[in-house]
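Student: Just a sequence and a predicted model for now, questions to come.
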Amino acid sequence: MFSVMNVDPNANTLVSVLSACCSLRELKLGKSVHCYWLKRFDEDNVILDNALLNFYVKVGFLEDACKVFDKMPKRDVVSWSVMVGGFVQRGFFQMAVNVFDDMVRQGEVKPNEATVVNVLAACASLGSLSLCESVHTYVQERLDIPVERIVGNAFINAYAKCGSITNAIRVFNKLGFKDTISWSTMINGVAMNGLVHHVLPLFGLMLVHGVEPDDVTFISMLTACSHGGLVDDGLLLFKAMVNTYGITANEKHCACVVDLYARAGQFKEAEDLVMGLDIEPDEPLWGALVSACRVHGNEAILRRVSEILVEKGASGGSLSLMSNSYASSNRWDESMEIRNVMSSLGLKKMAGCSWIELDV
């Protein structure tokens, strides 16, 4: 199968084929490469093994990746990083932390920047401040990785998501060079921890330091203004984003402005914005409007949005939100009507979950 004109492929050839299989999500061909390697080659090749690990992770077959990993006679930092990153990408955050712990305990190789960034993403998703602090201590005491830029930004994000804005600020202040990602991450962290009135001054400092905001920065700013009820400031930022910085507003920016209007009870402005968009409104946009209608009890717009979402065949999450909105207004017939639509389409809302770390 892999021989052409009596020339057999070598390890480098198979690595290239596996890379193509990753891009094309070709599971069958990738498995064929694996079988061919096992049958035809006796020597160990960590580069090819890493390519196999990466392939199985990218196509979502973590069990196969674990089998390859466990059988590897020699593993380098790429091997460990691929496994940690693979578990993070697939939402198995505790498993990612466990692999990192094994890596540190076994001492086969030391983690690099990619490994640290991946395990910090896991800590952030778990909301585990103690894990985040443990990784920080390990990096400071055992590794030669400076907490700069990429790693520093990862620490800021992890600490903020774990609720320790003090630690996030401490890391931010120690950064020798702060890029747009650094400032945006810090702004988002301050906003998500409820310190919305500190966001505008922080944004001002960003501009004073000559760092230009990007589209992600404005999403954080607009979200903070929405949660803080800063309608005028939010609208000024939205206009500056488009007119001053030349950033095209996408669905996320528009959803933030809709939420900004709706939380302030300005439903006509919110609906007009959605209806007047040049782009097709997506579910987050409608969801922002539905959530606000539910809080403020605006039944007229809620009914119009309901008809649009049903007509568009929205997801289970959006329709569930709509059903709950009707139920909270004691409009049980409309709520059951939406539930019946969901049932007929075979839709279900994915169950949500939260992590809480307790001192025990």
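Tutor: Arrived safely, thanks for sending. Numbers count the residues shown, from 1 in each chain.
Student: In the stretch 201-350 of the chain, what residue spans correspond to helices?
Tutor: 215-228, 231-243, 251-263, 267-275, 283-296, 299-312, 316-328, 332-345 (DSSP state H, counting those that start in this stretch).
Student: after the helix or strand where Leu53 lies, next one along is what?
Tutor: According to DSSP states H and E, Leu53 maps onto helix 46-58. Remark: after helix 46-58, the chain's next helix or strand is helix 62-71, criterion DSSP H and E.
Student: got the contact list for stretch 89-99?
Tutor: 57, 60, 62, 80, 83-85, 87-88, 118-119, 121-123, 125-126, 131 (CB atoms under 8 Å, 6 or more residues apart in numbering). In short, each C-beta sits where N, CA and C put it, glycine included.
Student: quick one: low-confidence parts of the stretch 51-200 of the chain?
Tutor: 146-147 (pLDDT under 70).
Student: Show residues contacting the helix holding Leu53.
Tutor: Contacts of helix 46-58 (CB under 8 Å, 6+ apart): 11, 14-15, 18-19, 21-22, 25, 30, 33-34, 37, 62, 64-65, 68-69, 72, 74-76, 78-79, 82-83, 85-86, 89-90.
Student: Show me how far that helix is from its chain's centre.
Tutor: Distance of helix 46-58 from its chain centroid, counting by CA atoms, centre = their mean, to the nearest Å, is 23 Å.
Student: Okay, angle between that helix and helix 62-71 too, please.
Tutor: 160 degrees (axes from the mean of the first three to the mean of the last three CA atoms, to 10 degrees).
Student: List the buried residues for helix 46-58?
Tutor: Along helix 46-58, these residues count as buried under the neighbour rule (16 or more other CB atoms under 10 Å): Leu48, Asp49, Asn50, Ala51, Leu52, Leu53, Asn54, Phe55, Tyr56, Val57, Lys58.
Student: swap in stretch 202-214?
Tutor: Within stretch 202-214, judged by 16+ other CB under 10 Å, the buried ones are Leu202, Phe203, Met206, Val211, Pro213.
Student: and those as TSV, adding pLDDT and distance to Met192?
Tutor: Formatted as TSV, the buried residues of stretch 202-214 follow (pLDDT from 0 to 100; distance: CB to CB, whole Å):
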residue	pLDDT	distance to Met192
Leu202	96	13
Phe203	96	15
Met206	96	17
Val211	95	20
Pro213	96	17
